[in-house]
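Peer 1: Could you work out the structure for the sequence below:
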Amino acid sequence: MLDWLIVGGGAQGTALSLALTVRDGVPRHRLRVLDPHDAVLALWHKYTTNVGMRYLRSPGVHHLHYDPFSHRIFAQTKRGQPLLHSIPRFERPSLRFFNAYTDYLLERYDLAALRWCGRAIGLTRARDGWRVQTDDGAITARRVVLAISANESPHYPAWGRGVRGVEHIFAPDFRRDAIADGERVIVVGGGISAAQVALSLAGRCAVTLVMRHPRRVHHFDSDPCWVTPICLKDFHALDDPDARRAVIQSARNRGSMPPDIAQALADAIDRGRVRLREGQITRADSVAGGVRVTFSDGATSDAGRVICCTGFQTGRPGGDWLTAAIHAEGLPVAACGYPVIGRDLRWAHGLYVIGALAELEIGPVARNLIGGRLAAERLLHVVRASPAR
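Peer 2: Next comes the predicted model:
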């Protein structure tokens, strides 16, 4: 039996495996990370390539290592120094630098060796712990951390579901290299991903960006105070999970982009490289040569393809197997369906959550890299209080 099993090997699950084994002293042979993808951070690399990301939105101190300033040491190495490019003020790193530093951490701490490839399909209590059923057998552990996200559940607008030629930037079958030079492309979305896609395709495609609202410009997807007691003190004083959910929804800057992306987009529009159309699409139809979209004002527009950059589904991640476990094991959830947990992120004895599942405790940043670091700090106290090391 393992001491720790982390279900989900994305950025947060991988960062937690580093913190638990290197900082907190959990023996490597007593911890494993369960993830369905062969490569570490496979979805991260796929999605950032899909959108054409060049710089991260988060500050340079937000990365997979538990020491926020550790990346500065890497930046002085022969490997890191040539890639040290960032957006000023918040030191937002280039994607190339962030990926290089991440690769360095994976290699230095041999984090890939902690992984088991498999997909969770069930969760039940076991003697002295929990049993996670996978598509390749069962795993038992004294403590299970659910680090699952909604990153495999893209949200399609109702008008685009099932329509040939309407794609989603985060769909498993999306292929950026299938977009032909000169192709007419409609990009749908009002946030940073839509803007990045439009900018990265401008110049080689005829790009129209469709937004339902004027550009919303914010440096981050929530105020930085949400990683400090300035905002979290009042948040944690709320005993009602519904009240916390309302705060989270209000605090998130959905459908927004940072100033540098907004300026680049404005420049591309002024130069005719991107056409902007503000409006609501109400219908999409497959036609000869592609897709025809209809707007609420009755106007239509044709393109070779429509690329939806409309984020992920907002419901609780985990799907049917987690829903079944909630009912079978009596796990408490709020009206929104998300776990009701304590400060130690414990959902039940020996069962913990981080990432999206922990947002009623961690707050609006729970899904981000910094949210993973805050969660790892909470779990440090669990390790220190545990006799099993």
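Peer 1: Check the burial of residue 261 by counting its neighbours.
Peer 2: 24 (other Cβ atoms under 10 Å). C-beta: built from backbone N, CA, C; applies to glycine.
Peer 1: Next up, phi/psi of it, please.
Peer 2: Dihedral angles phi and psi of residue 261 (degrees, to the nearest 10) take the values phi -70, psi -40.
Peer 1: Make 532 the first number, not 1, from now on.
Peer 2: Sure, I'll start numbering at 532, so the last one becomes residue 792.
Peer 1: these two touch, right, it and residue 730?
Peer 2: Yes. Using Cβ atoms under 8 Å, residue 792 is in contact with residue 730, at 7.5 Å.
Peer 1: wait, what's in contact with residue 630?
Peer 2: residue 576 (Cβ atoms under 8 Å, 6 or more residues apart in numbering).
Peer 1: Pairing partners for the helix or strand of the chain with the lowest mean pLDDT, with directions?
Peer 2: Every helix and strand in the chain was compared by mean pLDDT, DSSP states H and E; the lowest is strand 617-618, with a mean of 92. Using DSSP bridges, strand 617-618 pairs in its sheet with strand 623-624 (antiparallel).
Peer 1: hang on, the earlier thing: ok, and what's touching the least confident helix or strand of the chain?
Peer 2: Residues contacting strand 617-618 (Cβ under 8 Å, 6+ apart): 586, 591, 623, 624, 625, 628, 789, 791.
Peer 1: and with 7 Å instead?
Peer 2: Contacts to strand 617-618, defined as Cβ atoms under 7 Å, 6 or more residues apart in numbering, come from residues 586, 591, 623, 624, 625, 791.
Peer 1: Pull out the buried residues from those residues.
Peer 2: 586, 591, 623, 624, 625, 791 (16 or more other Cβ atoms under 10 Å).
Peer 1: Just name the closest of those to residue 659, please.
Peer 2: Set against residue 659, the nearest of the buried ones among the contacts of strand 617-618 by Cβ to Cβ is residue 591 (41.8 Å).
Peer 1: where's that closest one relative to residue 719, distance?
Peer 2: 31 Å (Cβ to Cβ, to the nearest Å).
Peer 1: next one: residue 681
Peer 2: 19 Å.
Peer 1: more neighbours, these two?
Peer 2: residue 719 (27 against 20).
Peer 1: Residue 841 is in contact with that one, correct?
Peer 2: Yes. Shown here, residue 719 and residue 841 form a contact pair, counting by Cβ atoms under 7 Å, at 6.4 Å.
Peer 1: Mind listing the shared neighbours of those two?
Peer 2: What both residue 719 and residue 841 touch, as defined by Cβ under 7 Å, 6+ apart, is the set residue 688.
Peer 1: Buried residues in stretch 591-610, which are they?
Peer 2: 591, 592, 593, 594, 595, 596, 597, 601, 602, 605, 606.
Peer 1: need the strands for the stretch 532-681 of the chain, in chain order.
Peer 2: Shown for the stretch 532-681 of the chain, the strands assigned by DSSP state E, counting those that start in this stretch span residues 533-538, 562-566, 617-618, 623-624, 646-648, 651-657, 660-665, 668-677.
Peer 1: Now render these as a markdown table, adding distance to residue 863.
Peer 2: Shown next, in a markdown table, are the strands of the stretch 532-681 of the chain (distance: least, Cβ to Cβ, whole Å):
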| stretch | distance to residue 863 |
| --- | --- |
| strand 533-538 | 19 |
| strand 562-566 | 24 |
| strand 617-618 | 41 |
| strand 623-624 | 38 |
| strand 646-648 | 29 |
| strand 651-657 | 15 |
| strand 660-665 | 16 |
| strand 668-677 | 14 |
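Peer 1: what's the least confident stretch among the ones you listed?
Peer 2: Note on these: strand 617-618 shows the lowest mean pLDDT, a mean of 92.
Peer 1: all strands of the stretch 732-881 of the chain, in order?
Peer 2: 737-742, 747-748, 787-788, 805-809, 812-818, 821-826, 831-834, 836-839, 877-879.
Peer 1: Which parts of the protein belong to which domain?
Peer 2: Following the assignment in automatic domain parsing, the chain carries domains at 533-683+844-915, 689-749+784-839.
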